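1. Here's my sequence, what's the structure:
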Amino acid sequence: MASAFPRLPPSGIKVIVVGAGFAGLSAAIECDRKGHSVTLIEKLSDMDEIMRIGDIISFDPNGSKAFERWPGVVDAMEAVARQTTWLDLYHHEGAFVTRQSFAHERVWGRRINGHRGELHNIIYRHAVARGINVRLGCRVEDYFEMDDPPQAGVALAGTGERLTADVVIAAEGVRSRGRKIVLGFDENPKSSGYAVYRAWYSAERIRDNPIVRHIVGNGDTHQGFIGPDIHFLASSLKNGSEVNWVFTHIDDGNIEESWQFPGKPEEALRYLEGWCPVVRELVKATPEGRLIDHKLVYRDPLPTFISPLGRICLIGDAAHPFLPTSIQGASQSIEDGVVLATCLELGGRDNIPRALRAYEKLRYERVHKAQAMGPKTRERWHKADWNKVWQSPELIHLVREPWLLHFDAERDAYERYPEVVAQLERSKVKL
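-> Residues are numbered from 1 along each chain as shown. Below is the predicted model of the structure:
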């Protein structure tokens, strides 16, 4: 029952969250925990569609901190997550290079790596169980805000309905309409120059293949193959019963053409000429309809996440899209929701613009510093100097830093909010 979930007393703050992805769900759940009244709007009419999106997503310890505060969520996630504490790295022609262990990170928190749809479904069901007002099948066509009365809202497409609240959170991703009211103009996403093939399928398709059956024959595994301007990651999950693989490739297409569409194994194989048989067999085994070719979208860092009147804010990919090589996009979207809900709690209903400015200041530097790790990791792999790597294999290890991973966004917001508000007042920011 919804009443069984711990939450603070009612704050009197009404919140509209647009988009029920990971960022939107995080914001909605955290706002509910803080006693705010939440309406969550999602354009999809059937959330089971999310379950069918087959690729892997990763939450590092800084992101999973929130899951531990949502009763039952983190245990349900770990039950379907990959059970490995290492990454085996290979040269693209097949030679083993190095094993990177993540076991020491357990003291920082939990690493959750699993099927995007399954993990999303666990969080969504938790939001529903909390009693959050979820409105499916509603597409937002515009955002608005005003001083008198002080409020913000959204206009729904096709119905003429307008919903209002004290604050609106735009969490629709890279194409969010909320970006226009924040920036003052329309801005289209650009291709990063790279795209990603993603696939997920049953291990039965490779269990009898002598070249790749070792990947699924001994529980969960995790391996990466590094080559010229490509990195290929593969893993098995659920005690080796399911397989996923993903690899980048150069893409010079226009983002407006299509940014995500079905791929074909034979097309993916063209990028892998000269690569080891393990990689090629994993691609060949991919069943029809289970391969997605996903353009990696790029945006320049925004000057602000907050609208002019300070009642609409951007979170997640709407504010700061990440490259997969950062391994932080999902975790940072969770942090966004946590910090925003906490700032609203501390600011109170009479200080919504101040709370949103504090949220922005708490998040801006950290999130862009994390965002910059994506291109750095890609270059570390794609442009590897193998003469040096063979001598020092750790050169291709993922950079895993305590400032990023050993971090509790909620605690940080509670501790730094007074200082941040004081800084804003000293700088004469309009609150």
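2. Pull the contacting residues for Gly337.
-> Going by CB atoms under 8 Å, 6 or more residues apart in numbering, Gly337 touches 23-31, 66, 171, 315. For glycine as for every other residue, the C-beta is placed from the backbone atoms N, C-alpha and C.
3. what are the pairing partners of the helix or strand containing Leu89, and which direction each?
-> Assigned by DSSP states H and E, Leu89 falls within strand 86-91. Partner strands and pairing direction for strand 86-91 (DSSP bridges) are strand 96-101 (antiparallel), strand 221-227 (parallel).
4. circling back to that earlier point, greatest separation within the contacts of Gly337: which pair is it?
-> Ala66 and Ala171 (14.7 Å; CB to CB).
5. re earlier: would you turn the strands paired with strand 86-91 into a markdown table with mean pLDDT and distance to His397?
-> As requested, these are exported to a markdown table (pLDDT from 0 to 100; distance: least, CB to CB, whole Å):
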| stretch | mean pLDDT | distance to His397 |
| --- | --- | --- |
| strand 96-101 | 98 | 5 |
| strand 221-227 | 97 | 10 |
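6. which residues of the stretch 51-200 of the chain fall in strands?
-> For the stretch 51-200 of the chain, the strands defined by DSSP state E, counting those that start in this stretch cover 56-59, 86-91, 96-101, 112-115, 133-136, 140-146, 151-156, 162-165, 167-170, 190-202.
7. contact partners of the fourth one?
-> Contacts to strand 112-115, defined as CB under 8 Å, 6+ apart, come from residues 54-59, 63-64, 67, 74, 77-78, 80-82, 84, 119, 200, 222, 235, 237, 242, 244.
8. The spatially most central residue of the chain in helix, strand or coil?
-> The residue lying closest to the centre of the chain (CA atoms, centre = their mean) is Ala330, at 2.1 Å. Three-state call for Ala330 (DSSP: H, G, I helix; E, B strand; the rest coil): helix.
9. Pop the domain breakdown of this protein in here.
-> Following automatic domain parsing, one finds the domains of the chain at 2-83+109-187+300-426, 190-298.
10. now those as JSON lines including distance to Gly94?
-> Listed next are these as JSON lines, based on distance: least, CB to CB, whole Å:
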{"stretch": "domain 2-83+109-187+300-426", "distance to Gly94": "14"}
{"stretch": "domain 190-298", "distance to Gly94": "3"}
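11. where among these is the average confidence lowest?
-> Lowest mean pLDDT within the domains of the chain: domain 190-298, at a mean of 89.
12. Enumerate the positions of the strand holding Leu89 that are buried.
-> Using 16 or more other CB atoms under 10 Å as the burial criterion, the residues of strand 86-91 that qualify are 87-91.
13. wait, which of the residues you listed is closest to Val339?
-> Among the buried residues of strand 86-91, and counting by CB to CB, the member closest to Val339 is Leu87, at 29.3 Å.
14. Wait, that closest one touches Arg99, no?
-> Yes - using CB atoms under 8 Å, Leu87 makes contact with Arg99 at a distance of 7.2 Å.
15. quick revisit: buried deepest among the strands of the stretch 51-200 of the chain, which one?
-> Greatest average neighbour count among the strands of the stretch 51-200 of the chain goes to strand 167-170 (a mean of 30), per mean count of other CB atoms under 10 Å.
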